[in-house]
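In: have a look at this fold, sequence not included:
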């Protein structure tokens, strides 16, 4: 279930970035994951798709790098200082 929530949040955030928004904060990521988690817990047993057509506005972060979809899908790798990794996640496992 946690992986499903993380993937849904990553897809939604990537959609926001694809709509011209350049940055996403860790606070926005955390808030979005919490929203999806609470929605998932309330979901009916017939496994209907979650409908969410309202992406949040992004706030600018310090730094210049935009995130890739694969980086958003690895949202569980948030640094303790509040930033998201901007390198390949595979580097962590080699």
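Out: That came through, no problem. In this text the structure is predicted, and so the values were computed from the model without any measurement.
In: isn't residue 33 right up against residue 7?
Out: No: applying CB atoms under 8 Å, one finds residue 33 not in contact with residue 7, separated by 10.6 Å. For glycine as for every other residue, the C-beta is placed from the backbone atoms N, C-alpha and C.
In: between the two, which one's more packed in?
Out: residue 33 (21 against 14; other CB atoms under 10 Å).
In: skipping its backbone neighbours, what lies nearest that one in space?
Out: Leaving aside its sequence neighbours, residue 33 sits nearest to residue 9 (CB to CB, 6 or more residues apart in numbering; 4.6 Å).
In: any idea of the mean pLDDT in the helix or strand encompassing that neighbour?
Out: Secondary structure from DSSP states H and E places residue 9 in helix 2-18. Averaging pLDDT along helix 2-18 gives 78.
In: try stretch 36-46
Out: In this model, stretch 36-46 carries a mean pLDDT of 63.
In: then residue 20 would be within a helix, right?
Out: No: read with DSSP: H, G, I helix; E, B strand; the rest coil, residue 20 is coil and lies in no helix.
In: quick check on it: phi, psi?
Out: Phi and psi for residue 20, reported as degrees, to the nearest 10, are phi 100, psi -10.
In: around it, how many other residues sit close by?
Out: The number of residues packed near residue 20 is 7, by other CB under 10 Å.
In: ok, it - contacts?
Out: With contacts taken as CB atoms under 8 Å, 6 or more residues apart in numbering, residue 20 has no neighbouring residues.
In: ok, it to residue 7 distance?
Out: 23 Å (CB to CB, to the nearest Å).
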